[in-house]
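Peer 1: Pasted the sequence and its predicted model underneath.
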Amino acid sequence: MSAAVQFRMLTLHYGLYQLAVAMALGFAGAYLIQGGLSLQEALSAYAALLALRCLLRFAGLQLVRKAGYRRAVFLGALLAALQFWPMSYATHPFGLAAWLFVVALAESLYWPVYHSAVAVTGVDGSRGRELGIRAAVGAIVAIAGPFTGGLLMQHVGAVANFAIAGEIMAMAAIPLFLMRDFDAGPVPGAGQSLRNIDSRTFAIFASDGWMSAGMHLAWPMVLFVALDSNYEQMGLANAIAGIAGAAGALLCGRAIDRGSRDKYLMIVSIALAGGLLLRGFSFDDKFLVLVANASAAAIMALYIPVVMSHVYDRAKLSGQAYRFHFVMEAAWDLGASSGCLCAAFVVTITATPSLSVLPALLGVLMIYVLMLRQRLSLQVENKKQI
């Protein structure tokens, strides 16, 4: 199986997986809010999930070592599909605890191996184009998924929507099973995984997690409340946002392959900061909420190829892609978990839900500074070699 075919299989998996996410998991926070949890309680639940995911990741090392990378990511995707049964009962304490555990277990296994696969597969010299295609697929899925999910949640019910999404996520595992195995380097021991960490990239991932706590976890719940707790309106708003994100992904991916990543890094950082400010102060105006939601999706379509192309290149150059992503996913979990708690604290002291996204500004600033310093240090190293 050629590198191009491997990439296509991985992209097919990604499209199906993200369709299930957009149809159901995108409404998870809203479902918890409608079930009676406050925004602070829902954010605290996400913080607990992320902390548990960070710990369970170490338990999966032995399974990855025995099963191999392809089987491990396949099993992780199947486990993720099982989450939709307890998710239907997540408005009750025991159901919520079961859902958090299943999600943490599945994703602790799935995400490090998935990112390792992306890092080591694909055609050389086409990282930006490939990430742009993947992001565009995700953006297109983000049109159909929320629209369909919103209609199902509002008119058929959460249980039916979650069941359909679970089936789609199970189907997403099939392309992973059909792939040939890939070499992501040796599987480290628990202690070995924590030695000689790429500290700057670790900080980038932690900052991305912190930003995502506001951008991707707090904001959907804020959006749901701002749209009168209506699933259909929320789904339509996110479908419109998906349209805004599709074009930017391809544009930015091709620019990365032409060597324009640094220029786009500044543009994206400024745009992200502006988008977060707009979200933070738009809660009382439904029109501004919709504008903020759509504009942020377009910006994220530019952001993902810029940052992740850098991260995947670092992972591939390390020769130990799985170990690299194992550690970096832990950093993301720590950043996102603490970001959720900070967002909950902001809501508690201000009583204004939309302000929960503003701490994410610190993550944007840190990502820009850290990536800029990383580029400058690499330039210095290259000059010394010359």
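Peer 2: Received the coordinates, thanks.

Peer 1: measure Glu275 to Ser282 for me?
Peer 2: You called it Glu, but residue 275 is Gly. When CB to CB, to the nearest Å is the yardstick, Gly275 and Ser282 sit 10 Å from each other. All C-beta atoms are positioned from the backbone trio N, CA, C, and that covers glycine.

Peer 1: Now the common contact residues for the two.
Peer 2: Common contact partners of Gly275 and Ser282 (CB atoms under 8 Å, 6 or more residues apart in numbering): Ala292.

Peer 1: For these two, indicate the residue with more neighbours.
Peer 2: Gly275 (25 against 21; other CB atoms under 10 Å).

Peer 1: Mind telling me what element the more buried one is part of?
Peer 2: Assigned by DSSP states H and E, Gly275 belongs to helix 261-280.

Peer 1: average model confidence for that helix?
Peer 2: Mean per-residue pLDDT for helix 261-280: 82.

Peer 1: Now do the helices in the stretch 251-386 of the chain.
Peer 2: 261-280, 286-318, 321-350, 360-385 (DSSP state H, counting those that start in this stretch).

Peer 1: Show me where the protein dips below the pLDDT cut-off.
Peer 2: Per-residue confidence for the chain (pLDDT under 70) gives these ranges: 1, 3, 122-129, 131-132, 196, 245-264, 301, 305-306, 374-386.

Peer 1: circling back to that earlier point, would you mind giving the helices of the stretch 251-386 of the chain as TSV with distance to Phe205 added?
Peer 2: Shown next, in TSV, are the helices of the stretch 251-386 of the chain (distance: least, CB to CB, whole Å):
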stretch	distance to Phe205
helix 261-280	16
helix 286-318	8
helix 321-350	4
helix 360-385	9
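
Peer 1: Go through those helices and name the closest to Gly191.
Peer 2: helix 321-350 (12.0 Å; CB to CB).

Peer 1: Which strands and helices lie in contact with the closest one?
Peer 2: On a contact count with 3 or more CB pairs under 8 Å, 6 or more residues apart in numbering; DSSP states H and E, helix 321-350 meets helix 39-59, helix 93-120, helix 199-212, helix 286-318, helix 360-385.

Peer 1: report the angle between the axes of it and helix 93-120?
Peer 2: 140 degrees (axes from the mean of the first three to the mean of the last three CA atoms, to 10 degrees).

Peer 1: Ends of stretch 189-206, what's the gap?
Peer 2: 22 Å (CA to CA, to the nearest Å).

Peer 1: Would you check the distance separating that stretch from the middle of the chain?
Peer 2: Remark: stretch 189-206 is offset 19 Å from the chain centroid, using CA atoms, centre = their mean, to the nearest Å.

Peer 1: Mind listing what's buried along it?
Peer 2: Ser193, Ile197, Asp198, Thr201, Phe202, Ala203, Ile204, Phe205, Ala206 (16 or more other CB atoms under 10 Å).

Peer 1: can you put these in CSV and add distance to Val346?
Peer 2: Listed next are those as CSV, based on distance: CB to CB, whole Å:
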residue, distance to Val346
Ser193, 33
Ile197, 30
Asp198, 31
Thr201, 28
Phe202, 25
Ala203, 22
Ile204, 23
Phe205, 23
Ala206, 19
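
Peer 1: about what we covered before: looking at the helices of the stretch 251-386 of the chain, which is buried most?
Peer 2: Neighbour counts averaged per stretch over the helices of the stretch 251-386 of the chain are highest for helix 321-350, at a mean of 23; criterion: mean count of other CB atoms under 10 Å.

Peer 1: Relative to the whole chain's centre, how far out is that helix?
Peer 2: The answer for helix 321-350 is 12 Å, by CA atoms, centre = their mean.

Peer 1: That one vs helix 39-59, what angle?
Peer 2: Using the same axes, to 10 degrees: helix 321-350 against helix 39-59 is 160 degrees.

Peer 1: between helix 321-350 and helix 199-212, what angle do the directions make?
Peer 2: 40 degrees.

Peer 1: Tell me what angle helix 321-350 forms with helix 286-318.
Peer 2: 150 degrees.

Peer 1: Can you tell me how far the closest residue to Ile174 other than its chain neighbours is from Val73?
Peer 2: Nearest residue to Ile174, sequence neighbours excluded (CB to CB, 6 or more residues apart in numbering): His13, at 7.9 Å. His13 sits 9 Å away from Val73, going by CB to CB.
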